[in-house]
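Chemist: predicted model, plus sequence, below.
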Amino acid sequence: MRRPHPPSALRALSLAAAVGATAAAAAPTARAEPRDEVSLGAAARALRSPSANAVTDDDLAGMSIGLARDLGHDLGVEPVPGLALWVEAGLVTGTASGTMFQSLFTKIEQLGLTGGVAVRYRLHRLITASARGAVGAQRARLAISDRAATAYDHAWGAMASAGAALDVFAVSRPRFGLGVRAELGYVAAQGIALTPRTDRADDTLAITMTDAAIGHLDLSGPSASLSLLGQF
């Protein structure tokens, strides 16, 4: 006949089971983090090229819209705790006005579409620092007018950008975040060949256009933005 376990053995088994259940319940679980992001803000770019300065003394000012996704989470990559890899897509606009030869009015309009990646590091529960890079294309439109007519042209060209940003959150919950982002960077843009023309063949502007001054419009320069962002 099988001998029953002594009471001390039963108590030891019961204690081990209780300790195991308590440890399992107390085991830390991964904190759920927002995986998607939408941002909307204001953007500016200082124009430093000779071709842009020949057209206007102002800087580009406009708006920016961004979408982002935590790519590191999707790929299961997190080399360092708190470090995340995000994929981004953005749209930025800008306009600048000026004068030429004291009698001609000019206006530059820019639309940029980019895609890239950002490396983000959480410094604090409410603060994140990031570095990003992106490539894409931009559409530049130049209009030159006098009292009689307006000449304009537009074309597409390549662009690349890089920047560093700091995010400060007012709300940071497991599945929702709301904050602001300040970013400084630089945009390298391809010089876009433009030849402003009027709609009507009989309208002409008394402008001497050279390739160096206007023919290839270069909108490269330092950039800055301030955005409101939501994560979910």
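Modeler: Arrived safely, thanks for sending.
Chemist: other SSEs contacting the top strand by length along the chain?
Modeler: Counting residues, the longest strand found in the chain (DSSP state E) is strand 150-173. Contacts defined by 3 or more C-beta pairs under 8 Å, 6 or more residues apart in numbering; DSSP states H and E place strand 150-173 against strand 104-124, strand 127-145, strand 176-189, strand 192-193, strand 221-231. Where C-beta positions appear, they are placed from N, C-alpha and C, glycine not excepted.
Chemist: quick check: buried residues in it?
Modeler: Using 16 or more other C-beta atoms under 10 Å as the test for burial, strand 150-173 gives 151, 152, 153, 157, 159, 160, 161, 163, 165, 167, 169, 172.
Chemist: going by distance to residue 35, which of those residues wins?
Modeler: Distance ranking of the buried residues of strand 150-173 against residue 35, using C-beta to C-beta, places residue 172 first at 14.1 Å.
Chemist: tell me what residue 139 is bridged to.
Modeler: On the basis of DSSP bridges, residue 139 is bridged to residue 111, residue 156.
Chemist: now do residue 67
Modeler: residue 38, residue 89.
Chemist: residues in contact with it?
Modeler: 36, 37, 38, 39, 88, 89, 90 (C-beta atoms under 8 Å, 6 or more residues apart in numbering).
Chemist: to residue 96, which of the helices and strands packed on strand 150-173 lies closest?
Modeler: strand 104-124 (4.8 Å).
Chemist: and the closest one, what other elements does it pack with?
Modeler: Judged by 3+ C-beta pairs under 8 Å, 6+ apart, strand 104-124 is in contact with strand 60-70, strand 83-100, strand 127-145, strand 150-173.
Chemist: same question for that strand, mean pLDDT?
Modeler: Average pLDDT, strand 104-124: 96.
Chemist: still on that earlier bit, for the contacts of residue 67, work out which two are farthest apart.
Modeler: Maximum distance among the contacts of residue 67 (C-beta to C-beta): 14.6 Å, for 36 and 90.
Chemist: the more surrounded of the two?
Modeler: residue 90 (21 against 12; other C-beta atoms under 10 Å).
Chemist: I'd say residue 188 and residue 219 touch.
Modeler: No - counting by C-beta atoms under 8 Å, residue 188 sits too far from residue 219 to count as a contact (9.7 Å).
Chemist: what sits in contact with each of these two?
Modeler: residue 159.
Chemist: more crowded one of those two?
Modeler: Legend: neighbour count by other C-beta under 10 Å for residue 188 and residue 219, higher for residue 219 (26 against 14).
Chemist: give me the phi and psi angles of that one.
Modeler: When quoted as degrees, to the nearest 10, the phi and psi of residue 219 stand at phi -100, psi 30.
Chemist: dump the residue contacts of residue 232.
Modeler: Here residue 232 is in contact with 34, 35, 36, 37, 175, 176, 177 (C-beta under 8 Å, 6+ apart).
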